[in-house]
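1. structure, please.
(3 chains)
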Amino acid sequence: MLAFELERPRSLQEAISILEKFGNRAMPKAGGTDLLMWMKDRLVTPEVVVDLSLIPDLAGVNFSKDGLRIGAMATCTEVLESAAVEDHFPALRDACLSHSDWLIRNRATVVGNVCSAVPSGDVMPALYCYDATIRIVGPRGERSIPINKFILGPRKKDMIAGEIVTHVFLPLPEGKSSGCYLKLGRRNALDLAQVGVACVAIDGKNGREYRLAYGAVAPTPVRALEAEKALQGIKAPDDALLEKVSALAKEAVKPIADVRAGVEYRLAMVGELTKRAIDTCVERLKEE
Amino acid sequence: MEKKSMIGAWVTRVYDPEKAAGTLKFTDDLSFGSELLYARAARSTIPCGKIVNIDYSEALKVPGVVKVIVGKNFPIHFGIYLKDRTAMAVEKVRYIGEPVALVVAESEDAAEEGALKVRVEYEEETPVFDAAEAMKENAPLVHPDLGSYEHVSFVTPVPGTNIAQHFKIRRGDIEKGFEEADQVLEESFSCPQIAHAFLEPHACICLQDPVSQEVTIWSTAQSAFTLRELVAKGLELPLHKVRVIAPPIGGGFGGKAGITVEPLCLAAALDPDIKGRPVKLFVPREEVLTTSWVRQGWNTKVKMGVKKDGTISAMKVELVFDTGTSAEYGANPVRSAGYTSMGCYYVPNIWTDSYGVYTNKPFGGAYRGFGLPELMGGLEAVVDAIAYRIGMDPIEFRLKNLLKPGLPTCTGMPMPPHALDKIIKKVAEKIDYHREEPPVRKGWKRGKGIALAIKAPAMPADASSSATVEILGDGSVKVLAATMDMGQGAYTAYAQIVSEELGVPMERVKCYYPDTAAQPYDWQTVASRSLWSMGMAIKRACEDARSQLLALYAEYWQCNPEEITIEDGIVKCPKLGKAEPIDEKTQNGFKMPDGKYKGGPIIGRGHFVPPDVVYPDLETGQSEKSVVHFTVGAVGVDIEVDPGTGEIVVNKAVAGYDAGRVISPLNVKCQIEGGTVQGLSAGMFEGIYYDKNGKLLTPDFTDYKIATTMDVPWEIESFCEETPEDPSPYGNRGVGEHSMISPAAALGNALYKAIGIRIHQYPFTRERVYMAIKAAERGEKDFWG
Amino acid sequence: MTKREVHFTLNGRSVTYEVEPRTTLLRALRHHGVTSVKRGCEEGECGTCTVLLDGVPVKSCTVLALEVEGRSVLTAEGLVGKDGKLHPVQQAFVEEGGIQCGFCTPGMVLTTYALLKKNPDPSEDEIRLALAGNLCRCTGYTGIFRSVKRAAELLKDQA
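-> Residues are numbered from 1 along each chain as shown, chains lettered A, B, ... in the order given. Model (predicted):
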């Protein structure tokens, strides 16, 4: 790894001023499981790494009647072990559990996974389904931005030098809900998704509503809005509808071929996992 | 009370406590003080071309960089079978990732930074990546100088082509054999290169004494003595001026046999500006596959003539191994597959061509099974496919054509005794092969498959072993036997032998890791040969030590040596009523009845060389005894496939081998478990892939996937038959590699049963299996994608 | 880059290392002779560098040494008793054939130790899930599964 300086600020203000001072030459670090590997491979070469782990404001997972706040330093393990996440955001729990392995989950953070912004990032499809917003502070103050506006492309996000994501916020689904994240990899653990599908079903004011989001099949995670529309209000979608929905989902994605999977397989799996994810959500809602 | 034999005793393994504690030191764990320098390679960015210029001036400016060495500074060809390899590219690069320069620095970080700053100018040439393409006339030559390379007599390169090795079997009358057949069928299967994926990357420290010129090498080496010999030959040093110390290694599987990364480190350590300082080369994970060898890619094509009753009348086999840019070691698995190309079957008329073919890719070499997982991965799929095509039960077809003891193999050598028929039946029974069972998982497809395994130790006819056994002054025993115990448990089995033969408790026997300066010669820890060959040497050394000790006691006690026993470390003469523990007399000498001292330290020595192997004839492959012995076995799997995704789950895996005699049951069980999973992992996940320019896409564990705890059966059921081998220490024969040979083929055969289409390309990834299922739904019977 | 001091508890005793900011915990420990922490990939994949950081298993190649300031690090050596006796988890690996080459073993042992602290009686699925980040190429994991089960028994007997 190339040499760099490490800063370990104890407050947000301090972190922001360091990041602002060094501009593009500095990068913030949460869990570091992506960043340190990228630095090792010299994909990024910051001169200053700003470790956020000592900033109290960034810790923890907090649940209130409005929703869930996941601090920038909350690890995947913390999130998936949170009772509130299990009860109200099961798709996120699945996503955290599918990420890498226990040891990595003990370091890797949910916010870090978002900020890495790689197309296969496991937690993002679930956050897209839960309409998560990204809370940012920076030299010009605080701002809040929906996750789908925050993620701009592979490893690209709407952030400027000096800014820090403090947390993501997930509003509580308005109504009884269920969710899941289905991940297909080359093997069952410690792999990048070939296809990741998050599905959330909510029995809200306007009846049953579905949300579907996909990872690893487009430059950014994508919602399949047409597919969601086709399902609107239907509590027990039949096979014909599931076929139609999975076809619509395939239209929403644009996978590439790489060493992990080809286009045809990825598209087929978008279809297959869509059906399975919807089934799972429908079943989970019946159970409760 | 009958004394319980240590041979076959269930004992835990020596060195495991230190491994569990983490206190055992591997090569990368050794300290060498502040004089230690670090080396890191700068690597080729093109697959084929001339080196026009190497500019390392910027590298030299990196603080801490001491020197940059390039290929032409160290143009020595090192190698075991075919010397086609140099530590770094000299004048010409042959694959992306080939070392072109070596940066030596005061720290690892400085060496890494320096390596990034080496700039190379090339004149690009046309590469060839596919072995079939490379075999064509007018294909670009990877090694235009092939004719000038030194090689051993039993390797046969074809100069002026890309064929680094061509092994032939010509037995019987192939045309007549096909004429006699009622059906002639053809099948082919292929597999990409795969990686050993041992968890310890290669590491090596080299030091040359500037005065004596003696070279010391600490290395992650399976074979300290062969490494010593190859280094000495390359450097033109006498053997005693090269010392190899091999600390415990973190997995080898053939990938640390012979000579691997050491020349690259030597290039630095021998440099006149560096000599006298130790230099360390740690090969980072992402560079392992471009620094040392992988398993060769292969394509197996079989044309088989079968009579109405299911008897095989003729077989024409073409094996094409993609050996990448070097066949230095890889030439020999090509040969090994060739002289076993009948598989487990009696084939009266057989014609085999086994080729090792150069391509512009990282190179192939030894990997657990050594040509046999490659051969049997193809042949056992072929046999299964042909059984179905002629409408015969695959197990019946196998049993009908089984290479029974006494029948000739493809080299003409009579097959030694074995219990393969019994093993096949047992495996079939254990997975309930003939019973079609519903899938355990809703909507999945279930299938069962079986595949046979066979392998001989593939080694030169004169691969020898020697050992010494020293009885220390308190009755404990020091064993010097330069096998590398890399997890297979050799030292545990050796301690059992010594305990058995000398009558001392096993806990008082110690085997040491290899050091060529301290230990007597052993060829290599490869070929599943050690407990057989070194076992012979150790047993003989024990006999020698024991007879020395008994002779001294006989004189001391004034009795006959035959009247003395040693049990549990106590020397006894029941007739005289004497009994005493072995003590310092065995070290310092016995004060005999005449008052004079006799004896001194008791060191037993033993050696062994296979007595009767004759190299196969180069034109026909025929030999009265081509190999020392064969170990045979069978694997059965019961699997399920998720048709929606192509995922495979192994419900059950059973493996049985004829071990001759099981000396160390825990070791044998664990070897079978580990090898079976390694084979299943290869069958489901593993392949090395390149982009169209020959750039490696799977350099590390991010994209080279091996099985995790989430991907394997909870249990592997294993068993052994024991048909004794002769000569052999206790009737035992090799079993270390064999469990890796056939799991992938068994998986493929089960997959066919489950999904009704034959997949002709390994590995059976989810994507490939899914695509095959889709093809099956279109009515196709074979899937080649 | 200039070196800085980091103070932490290593296997129960206080230590101070001087490290560069870029030095990972893996490299720092190894540099100071704590070589049970293996470097198998340095990319967060293989698990041979596992340590317990404040009791939580992590891959030490993904941690900067300076980050462990004031924290506690446990390695496989630290599990061994003062009398040289192996910890029951280590003993179980010896008894059940959970070890071959030994390179993954210190990491496997630590992850198992952490698992059993958290869940003294894990199911088959829980064992698989907990150990998924520790690769082993020799054993096929079956001996390791037996070892974890055995370790759970030994710890129960001890309790």
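2. could you report the distance from the residue of chain C found nearest chain A to residue C:43?
-> With C-beta to the nearest C-beta, the shortest gap between chain C and chain A falls at residue C:133, namely 2.8 Å. The way it works is simple: take the backbone N, C-alpha and C, and place the C-beta from them, glycine included. Residue C:133 is 12 Å from residue C:43, where distance means C-beta to C-beta, to the nearest Å.
3. ok so, going back, who touches the residue nearest to the residue of chain C closest to chain A when sequence neighbours are not counted in this structure?
-> Counting by C-beta to C-beta, 6 or more residues apart in numbering or on different chains, the nearest residue to residue C:133 once its immediate chain neighbours are dropped is residue A:101, at 2.8 Å. Residues near residue A:101 by C-beta atoms under 8 Å, 6 or more residues apart in numbering or on different chains: A:189, A:190, B:708, C:47, C:132, C:133, C:134.
4. with secondary structure added, can I get those in JSON lines?
-> Listed next are these as JSON lines, based on DSSP: H, G, I helix; E, B strand; the rest coil:
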{"residue": "A:189", "secondary structure": "coil"}
{"residue": "A:190", "secondary structure": "coil"}
{"residue": "B:708", "secondary structure": "coil"}
{"residue": "C:47", "secondary structure": "coil"}
{"residue": "C:132", "secondary structure": "coil"}
{"residue": "C:133", "secondary structure": "coil"}
{"residue": "C:134", "secondary structure": "coil"}
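5. which single one of the residues you listed is nearest to residue A:109?
-> Using C-beta to C-beta, residue C:133 comes nearest to residue A:109 of the contacts of residue A:101, at 16.5 Å.
6. my guess is that closest one meets residue A:104, correct?
-> Yes - Residue C:133 is within contact range of residue A:104, at 6.1 Å (criterion: C-beta atoms under 8 Å).
7. shared neighbours of those two, anything?
-> In contact with both residue C:133 and residue A:104: A:190, C:59, using C-beta under 8 Å, 6+ apart.
8. more neighbours: which of those two?
-> The residue with more neighbours, out of residue C:133 and residue A:104, is residue C:133; 27 against 24, by other C-beta atoms under 10 Å in any protein chain shown.
9. where does chain A dip in pLDDT?
-> A:288 (pLDDT under 70).
10. if you set the cut-off to 80 instead, what comes out?
-> Applying pLDDT under 80 to chain A picks out residues A:287-288.
11. domains of it?
-> Chain A breaks down by automatic domain parsing into domains covering A:5-51, A:60-171, A:176-287.
12. so how far is the second one off the chain centroid?
-> Between the mean C-alpha location of domain A:60-171 and the chain-wide mean there is a distance of 6 Å, by C-alpha atoms, centre = their mean, to the nearest Å.
13. so how far is residue C:61 from the residue nearest to residue C:133?
-> Residue A:101 is 14 Å from residue C:61, by C-beta to C-beta.
14. what is the longest helix seen in chain C packed up against?
-> In chain C, taking DSSP state H as the definition, the longest helix is helix C:142-158. Here helix C:142-158 touches helix B:665-684, helix C:88-95, helix C:105-118, helix C:124-131, going by 3 or more C-beta pairs under 8 Å, 6 or more residues apart in numbering or on different chains; DSSP states H and E.
15. output these as a markdown table; include the columns distance to residue B:648.
-> Shown next, in a markdown table, are the helices and strands packed on helix C:142-158 (distance: least, C-beta to C-beta, whole Å):
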| stretch | distance to residue B:648 |
| --- | --- |
| helix B:665-684 | 6 |
| helix C:88-95 | 29 |
| helix C:105-118 | 25 |
| helix C:124-131 | 16 |
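16. redo these as CSV? Include mean pLDDT and mean neighbour count.
-> Compiled in CSV, the helices and strands packed on helix C:142-158 are given as follows (pLDDT from 0 to 100; neighbours: other C-beta atoms under 10 Å in any protein chain shown):
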stretch, mean pLDDT, mean neighbour count
helix B:665-684, 98, 27
helix C:88-95, 98, 25
helix C:105-118, 98, 25
helix C:124-131, 98, 19
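17. select, out of those, the one closest to residue B:516.
-> Closest approach to residue B:516 among those (C-beta to C-beta): helix B:665-684, 25.4 Å.
18. relative to helix C:142-158, how tilted is the closest one?
-> Interaxial angle, helix B:665-684 versus helix C:142-158 (axes from the mean of the first three to the mean of the last three C-alpha atoms, to 10 degrees): 130 degrees.
19. in stretch B:703-714, what's buried?
-> For stretch B:703-714, burial by neighbour count (16 or more other C-beta atoms under 10 Å in any protein chain shown) applies to B:703, B:704, B:705, B:706, B:707, B:708, B:709, B:710, B:711, B:712, B:713.
20. phi, psi of the residue in the stretch 601-750 of chain B that chain A sits nearest to?
-> Using C-beta to the nearest C-beta, the closest approach of the stretch 601-750 of chain B to chain A is made by residue B:710 at 3.6 Å. For residue B:710, the backbone dihedrals (degrees, to the nearest 10) come out as phi -90, psi 0.
21. assess the claim that it and residue A:185 are in contact.
-> No - in terms of C-beta under 8 Å, residue B:710 does not count as a neighbour of residue A:185; the distance is 10.0 Å.
22. count of neighbours near the residue of the stretch 1-150 of chain A found nearest chain B?
-> Here the stretch 1-150 of chain A gets closest to chain B at one residue, residue A:2, 6.7 Å apart by C-beta to the nearest C-beta. The number of residues packed around residue A:2, counting by other C-beta under 10 Å, is 15.
23. phi, psi of it?
-> phi -70, psi 160.
24. cool, thanks, signing off.
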